[in-house]
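Undergrad: Fold the stuff below for me.
(one chain, ligands or ions: 2)
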Amino acid sequence: MKAAVVVGYNDIQYMDIANPEVNAGEVKVAVSYCGICGSDIPRVLKGTCHSFPQVLGHEFSGVVTEVADGVASIQPGDHVVGVPLVPCHQCEDCKKGHYSLCKHYSFVGSRQQGAMAEYVVLPVNNVYKIDKRIPMHLAALFEPSTVALHGIQINNFHPTPDDHVVVIGAGTIALFAIQWCKILGAKHITVVIRNKSREGIVRKYGAHDVVSSLDNDYVETAMTITKGKGFTYVFDAAGTNDTIKTSFRLAANKAKVCLIGTPTKPVAFSVKEWELINRKEMLLTASWMSYSAPWPGEEWRMTAECMADGRLILDEDMIHTYYSLNQVKDAFKEYEVNTSAVKGRIMLEVEA
Ligand SMILES: [Zn+2]
Ligand SMILES: [Zn+2]
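TA: Ligands and ions are numbered 1, 2, ... in the order given. Coordinates of the predicted model:
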C-alpha cells in the first residue's frame, strides 16, 4: 500500500510499505482524510520523530474494512475517526481515567504507524464510530475538537450569564474552543486574534467581540468589554510567549486560566508579569490531549453528538487546503515557506 513516510530529517516520501495485518482485538481502516497537526510539522521539518521510518497522521477519518474475530462493537463499513492515544489502561493514571498522563503509552502516527497511508490497523478501542451524515473531509477534524473540549473541561467551565470568556488564537483548536464555549452556555465570548482577516470567521463560530493583538492597546480594549474586571475564564489556544502573558493580563481576579497551546520556544516572564498569577489568585490549569473516563471520554462522545446534530459548525473555513497523499511533500513545503500563512488544517486526501 502507499504511505507518506518520514525517512529522515526534512525528508517525507510517498512510497510503498507493507499492508498491515489485523491481529486479535484490532480493526483495519481505509483512511479517507488525514489532517496535518501542528505537532507533525517539527516531526518532518525538524527531524523530531520518535524514530525513523515513521508514518505520521493522527487526525483522520476512514471506513472500517476488516475486524478481528470476536470484535463486535465495530463492523466493516462503519465510518470512524481515529483515537490516537494507546495508553496502557493498567497504570495508576489510567485507572483514574487520566489516560493522557499514562507513561506507558503508544501513539498512532508518532510511535506506531499513522494514518498518512491507505490503511491503518488499530486496537478496536482506538476507533470511534461516527454518524454517516458527517462528511469524511470534515470528520478528520474530530480529534482537534476533542482537544479543545478537554481544555475547557479541565478548566471546570460552568459559565454564568455574567461571566466573560476569552479565547486567544484563531487556529483550529481555538475555533473549536470558541464553539464549545458557546455550546456550553457562555454569553460573552471575546477572541484575541492576530490577523484581522480572521475576524469574520471567529465571529461566525461564536465570538461576540474580537480584538487584534496587532493593535497596541488591545489588552485595554478587551478589558473595557468586561468593564475593567477582566475575564473569568481564559483559554490560551496559541501557546506562545506573548499569548501566555496576554492570558495573565486579561484574567479577572480569581479567574480560571487554561493553557491549551504548547510553546515551541522558551517562555520568559518578568517578575511583574509572573506576579499577576499571585495578585489575581488565578486558578491556573493546563491540558494535554483529550481523554477522560470512561474511555475515550466525554470529549469524544460530545464531539460525535454535536458534529452529527450540527451544533458544531464544520466548514471549509477550518481547512486551509487539500492535497492528495502523493503530494505530501508539497503539503509540508507550505509550512517551510510560511507557517503563519497556513490558516486552518491542511488535509491529505487519501481515498476519497
Ligand atoms: Zn494533533
Ligand atoms: Zn497507563
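Undergrad: Show me what the helix or strand that Leu276 is a member of is packed up against.
TA: Following DSSP states H and E, the helix or strand that holds Leu276 is helix 271-279. If contacts are counted by 3 or more CB pairs under 8 Å, 6 or more residues apart in numbering; DSSP states H and E, helix 271-279 sits against helix 241-250. In this view, the C-beta of every residue, glycine as well, is placed from N, C-alpha and C.
Undergrad: So what touches the helix it packs on?
TA: 166, 168-169, 192, 213, 219, 222-223, 230-231, 234, 236, 257, 259, 261, 263, 265-269, 273, 276-277, 280, 282 (CB atoms under 8 Å, 6 or more residues apart in numbering).
Undergrad: if we go to 7 Å?
TA: The contact list for helix 241-250 (CB atoms under 7 Å, 6 or more residues apart in numbering) reads 166, 168-169, 192, 213, 219, 222, 230-231, 234, 236, 257, 259, 261, 265, 267-268, 273, 276-277.
Undergrad: which residues touch the residue in the chain sticking out farthest from the centre?
TA: Distance from the C-alpha centroid of the chain, by CA atoms, centre = their mean, peaks at Asp69 (32.7 Å). With contacts defined as CB under 7 Å, 6+ apart, Asp69 is in contact with no residue.
Undergrad: what does Pro123 give?
TA: Gly25, Glu26, Val86.
Undergrad: where's the second one relative to Glu66, distance?
TA: Think Glu26. Noted for Glu26: a distance of 9 Å to Glu66, by CB to CB, to the nearest Å.
Undergrad: The two: which has the busier surroundings?
TA: Higher neighbour count among Glu26 and Glu66: Glu26, with 19 against 15, using other CB atoms under 10 Å.
Undergrad: what are the bridge partners for that one, then?
TA: Beta-bridge pairing of Glu26 under DSSP bridges involves Pro123.
Undergrad: doesn't Ala68 make contact with it?
TA: Yes. Glu26 is in contact with Ala68 according to CB atoms under 7 Å; the separation is 5.2 Å.
Undergrad: Give the residues shared as contacts by these two.
TA: With contacts defined as CB under 7 Å, 6+ apart, no residue is shared by Glu26 and Ala68.
Undergrad: in this protein, which spans are helices?
TA: For the chain, applying DSSP state H gives helices covering 40-45, 92-95, 136-139, 142-154, 172-183, 199-204, 218-225, 241-250, 271-279, 298-308, 328-338.
Undergrad: now the angle from the helix holding Leu276 to helix 241-250?
TA: Our comparison of helix 271-279 with helix 241-250, counting by axes from the mean of the first three to the mean of the last three CA atoms, to 10 degrees, yields an angle of 50 degrees.
Undergrad: Could you tell me which residues of this protein lie near ligand 2?
TA: Counting by CB under 5 Å from the ion, the chain comes close to ligand 2 at Pro87, Cys88, Cys91, Cys94, Cys102.
Undergrad: and with 6 Å instead?
TA: Listed as neighbours of ligand 2 in the chain under the rule CB under 6 Å from the ion: Pro87, Cys88, Gln90, Cys91, Asp93, Cys94, Cys102, His104.
Undergrad: Tell me the most packed of those, by neighbour count.
TA: Going by other CB under 10 Å, Pro87 tops the residues of the chain next to ligand 2 with 23 neighbours.
Undergrad: What residue, apart from its backbone neighbours, is nearest the most centrally placed residue in the chain spatially?
TA: In the chain, the residue lying closest to the centroid (CA atoms, centre = their mean) is Pro144, at 2.7 Å. Excluding the flanking residues, the one nearest Pro144 by CB to CB, 6 or more residues apart in numbering is Thr172, at 4.7 Å.
Undergrad: Out of the residues of the chain next to ligand 2, which comes closest to ligand 1?
TA: If you rank the residues of the chain next to ligand 2 by distance to ligand 1 using CB to the ion, Pro87 comes first, at 16.0 Å.
Undergrad: I'd say the closest one and Cys94 touch.
TA: Yes. Contact status for Pro87 versus Cys94: in contact at 5.2 Å, counting by CB under 7 Å.
Undergrad: okay, and the common contacts of these two?
TA: Both Pro87 and Cys94 are contacted by Cys102, under the criterion CB under 7 Å, 6+ apart.
Undergrad: just for this protein, where's the confidence low?
TA: 352 (pLDDT under 70).
Undergrad: can I see the domain layout of it?
TA: With domains defined by automatic domain parsing, the chain comprises 2-145+290-349, 156-286.
Undergrad: I'd like to know which of those domains is closest to ligand 1.
TA: Among those, domain 2-145+290-349 sits nearest to ligand 1 (CB to the ion), with 3.0 Å.
Undergrad: how far is the closest one from where the chain is centred?
TA: 11 Å (CA atoms, centre = their mean, to the nearest Å).
Undergrad: ok, is that domain in contact with ligand 1 or not?
TA: Yes. Using CB under 6 Å from the ion, domain 2-145+290-349 reaches ligand 1 at Cys37, Ser39, His58, Glu59.
Undergrad: returning to what we had before: wait, which of the residues of the chain next to ligand 2 is closest to Asp330?
TA: Pro87 (34.5 Å; CB to CB).
Undergrad: Report the contact partners of Ile134.
TA: By CB under 7 Å, 6+ apart, the neighbours of Ile134 are Met307, Ala308.
Undergrad: Kindly report the same for Leu259.
TA: Asp236, Gly239, Ile244, Ala286.
Undergrad: Could you export the residues you listed as CSV, including neighbour count?
TA: Compiled in CSV, these are given as follows (neighbours: other CB atoms under 10 Å):
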residue, neighbour count
Asp236, 28
Gly239, 22
Ile244, 19
Ala286, 15
